[in-house]
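Asks: Predicted model, plus sequence, below.
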Amino acid sequence: MKIQTYTVVVGDRTCNAQCPYCISCMTPSYGLATPSMRNFRIGCELARDYGASTMFLTGKGEPTLHPCEIEEYVMLGRKYGFPLIELQTNGILIAEIDSDPETLGFLERWYEKGLTTVSLSIAHHNNAVNSRLLRPNGEPYDIWKAVDILHERGFSVRISCMMMLAYVASGYGVEELMRVCKEHDVEQVTVRGIDRPDVTRNNEKAKWIDDHYLEHVNRDVRKHIEATNGIKLLELPHGGIVYDWNGQSAAFVPSARYAPPGALDVSVGIQTFTGPRRSQYGSAGTLGPSPRGNIGSQDAKCQADANLRPCMQPSS
């Protein structure tokens, strides 16, 4: 068995975005309980022993709403020898860093502890279009400002764009996305089509995906890249392909339902949680007020009690 990536779920469902294609809203809440650092360390050892080079921090909600969890995972990832540690985020808190200096402090600490790459999830390269789709009430935010902030602090940046009807919907749309990313010195661009599970917990989002699904995106985008000077650099076990496309690194990843069985050998996810959920900002839905923006269906208050550890200290 060969493992490339050790995936870690940070935080809970709390989110400051409202993506109409949110996969988290359609799938069960697996793993959203109190972290078991014992299981986390076992996962690190297993992934390391089977050749994993990357620790990937993601979430069922927005990871940056749980900054202390990120900090501990980054520290432990470095301790266990992962050379690459990547964080996936919608980038909203980073783009609005001027009004939240606390986030700036966390960014600098994550970099010092060993975070190497930040992957910014978007739906479109145009800020206005992207904000209208992803942000509650269409509140604007500047994803390219987030890119510049991250570069200024030494991070590599990946743009991860979801392809869908009426947005980035063709090879030509991806080409325009690549042009904008190149203007901002983005190190890598990843694109994939939206998709949904066959059995869903949210019929509204499932219908939105069905209405915007691109049936032949896997074939069409690959054909366009290869017909416009795209040079295939690497084929990934899960079906993805990395290209050099006119001097820009581009990765095309097929939607999950098309990934071959060999993808099971690529990633490992260990159940690192046990008992009731603990979260710095509460466990909530994806809408409503909170101390750090619209992140909950109820007021999510950051409090320190027996179940909340503001900054978990790694043990030796």
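Replies: Sure, I can see it.
Asks: Can you tell me how far Glu72 is from Gly61?
Replies: Glu72 is 18 Å from Gly61, where distance means C-beta to C-beta, to the nearest Å. For the C-beta atoms, the positions are set from N, CA and C on the backbone; glycine is no exception.
Asks: Pick out whichever of these two has more residues nearby.
Replies: Remark: of Glu72 and Gly61, Gly61 carries more neighbours, 29 against 19, as counted by other C-beta atoms under 10 Å.
Asks: For the more buried one, give its distance to Gly11.
Replies: Gly61 is 6 Å from Gly11, where distance means C-beta to C-beta.
Asks: same deal with Ala95?
Replies: Distance, Ala95 to Gly11, by C-beta to C-beta: 19 Å.
Asks: Those two: who's more crowded?
Replies: Using other C-beta under 10 Å as the criterion, Ala95 and Gly11 rank with Gly11 on top: 27 against 22.
Asks: what residue ranges in the stretch 201-316 of the chain score low on pLDDT?
Replies: 255-316 (pLDDT under 70).
Asks: Mind jotting down where the strands sit in the chain?
Replies: Here the chain has its strands, by DSSP state E, at 5-9, 54-58, 84-89, 117-122, 156-163, 188-193, 230-235, 241-245, 248-252, 267-268.
Asks: pLDDT on stretch 46-65, on average?
Replies: The average pLDDT for stretch 46-65 rounds to 94.
Asks: Start and end of it, how far apart?
Replies: 28 Å (C-alpha to C-alpha, to the nearest Å).
Asks: And that stretch, what's buried?
Replies: Using 16 or more other C-beta atoms under 10 Å as the test for burial, stretch 46-65 gives 47-48, 52, 54-65.
Asks: is the residue lying closest to Val191 once chain neighbours are set aside in a bridge, and if so with what?
Replies: With sequence-adjacent residues excluded and distances taken as C-beta to C-beta, 6 or more residues apart in numbering, Val191 is closest to Cys161, at 5.0 Å. Beta-bridge partners for Cys161, by DSSP bridges, are Ile122, Val191.
Asks: Next up, the contacts around Cys161.
Replies: By C-beta atoms under 8 Å, 6 or more residues apart in numbering, Cys161 lies in contact with 121-125, 168, 174, 177, 189-191.
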